[in-house]
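Student: quick one, structure for this:
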Amino acid sequence: MQFCSDEYDLSRKLYSKLNLYKISVSSKKNGAEWNFWTFEEYQSFIEVVDAFFDRVMFEFLYYTGVRLGEMIALKWKYVNLEKKYIEIKYTFTNSVEGKSYDFVDPKTKNSIRIIELDDDLAELLKLHLEEEKKIYGFNPEYLVFGNIKHISPTNFRRILNKYIEKANCKKITPHGFRHSHVSLLINLGCDSRDVAERIGDTIEVVEKTYYHMFPEKKKIPTNKLNELKLRGKNEVKHI
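Tutor: Predicted coordinates for the structure are as follows:
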C-alpha cells in the first residue's frame, strides 16, 4: 500500500480505513482438513488433463505423495522402473543466497527414502521415459520432469489451476497432492507407520496432522476397555 501511494498516488485515505485482524491459533484450519482430493474428486480432475506430460506429473504426485520440491529435483538415475521404485535424495529450493535455485539435501533424514511405485504409475513413467530418450544428449542426469531445465513451482501452479478451472473441481494447492495421497492410503486401511515411512515423515507428525483421517484410532481406548472387561467376565464365569 505504501509503494502504491508513493508510486501511483494511491489515496492514503483508502488504506487508512483498513482494519487489522489477528487470527487466533484455534481458528486456523489444518491444511490437511481441506487441502486434499478424495479419490473420486481426483478422478474428475485427471479426466480433463489432456497433455501427456501434465498427466504424468499429476499422477506421480497423487500416487507417491512426494513434496513438489522432491519431484522437481528427481533425476532419472534415481528411478528404477524394472524394480518399480524411486529414491528421494534431494529437494528443490529457490531460497539459496546467490543462486536462483539449487537441489539440496532434505531437511530431515526421514525425507531420504525409497518409494515403491504401483504398476500403472511405473508403466506411465516408462512411456514418459521413452519420450525423454528422444531428446538429444539424454542421460540419467536429466530431470524426470523437465530434462535439462526444471519445471518451476510457479509454472506448476499455473498448470494446476488451469486444469482445476477446466474440471470445475475443488481448488487445492500443489501440497494438496501430498495430503490427498495420505488420505487415499488411510482410506485404504494403511497403518500410520507405513504412511509415515512412505511420505518421509514421523509417525507422530502423520498422526497429528492427519488425526481426523484416523477415526478408528479414537475408538481404540474404548475397544481395549471393552476387551478387558469382557475377558474379566469370562474369567469370572470359569471360576
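
Student: quick check: pLDDT value at K107.
Tutor: We have a pLDDT of 75 for K107.

Student: what of I135?
Tutor: Reported pLDDT for I135: 94.

Student: so how far is G232 from it?
Tutor: Distance, I135 to G232, using CB to CB, to the nearest Å: 70 Å. C-beta coordinates here come from the backbone N, C-alpha and C atoms, glycine included.

Student: repeat that for S44.
Tutor: For S44, the distance to G232 - CB to CB - is 51 Å.

Student: neighbour count winner among the two?
Tutor: Neighbour count, other CB atoms under 10 Å: between S44 and G232, S44 has more, with 14 against 10.

Student: quick check: the more buried one touching A167?
Tutor: Yes - with contact defined as CB atoms under 8 Å, S44 counts as touching A167 (5.8 Å).

Student: excluding its backbone neighbours, what's nearest the residue nearest to the spatial centre of the chain?
Tutor: In the chain, the centroid-proximal residue (CA atoms, centre = their mean) is R178; its distance is 1.8 Å. Leaving aside its sequence neighbours, R178 sits nearest to G65 (CB to CB, 6 or more residues apart in numbering; 5.2 Å).

Student: what sits against that neighbour?
Tutor: Neighbouring residues of G65 by CB atoms under 8 Å, 6 or more residues apart in numbering: 115, 177-178, 181-182, 185, 198-199.

Student: among these, who's most crowded?
Tutor: Ranked by the number of neighbours (other CB under 10 Å), those place F177 first, at 28 neighbours.

Student: do I have it right that it meets Y63?
Tutor: No - with contacts counted by CB under 8 Å, F177 stays clear of Y63, the gap being 9.2 Å.

Student: three-state assignment of the nearest residue to L61 once chain neighbours are set aside?
Tutor: Excluding its sequence neighbours, the residue lying closest to L61 (CB to CB, 6+ apart) is F177, at 3.8 Å. The three-state label given to F177 by DSSP: H, G, I helix; E, B strand; the rest coil is helix.

Student: who's in contact with F177?
Tutor: Contacts of F177 (CB under 8 Å, 6+ apart): 58, 61-62, 65, 68.

Student: now those residues as CSV including pLDDT and secondary structure?
Tutor: Converted to CSV, these look like this (pLDDT from 0 to 100; DSSP: H, G, I helix; E, B strand; the rest coil):
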residue, pLDDT, secondary structure
F58, 98, helix
L61, 98, helix
Y62, 97, helix
G65, 97, coil
L68, 96, helix
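
Student: let me know the closest of the residues you listed to Y211.
Tutor: Among those, G65 lies closest to Y211 (CB to CB), at 17.4 Å.

Student: any idea how far the closest one is from A73?
Tutor: G65 is 16 Å from A73, by CB to CB.

Student: try I114
Tutor: 16 Å.

Student: more neighbours: the two, which one.
Tutor: Higher neighbour count among I114 and A73: A73, with 25 against 14, using other CB under 10 Å.

Student: correct me if wrong: the more buried one contacts T91.
Tutor: Yes - assessed by CB under 8 Å, A73 is found in contact with T91 at 5.3 Å.

Student: common neighbours of the two, please.
Tutor: Residues within reach of A73 and of T91 at once, by CB under 8 Å, 6+ apart, are F103.

Student: with that, I have no additional questions.
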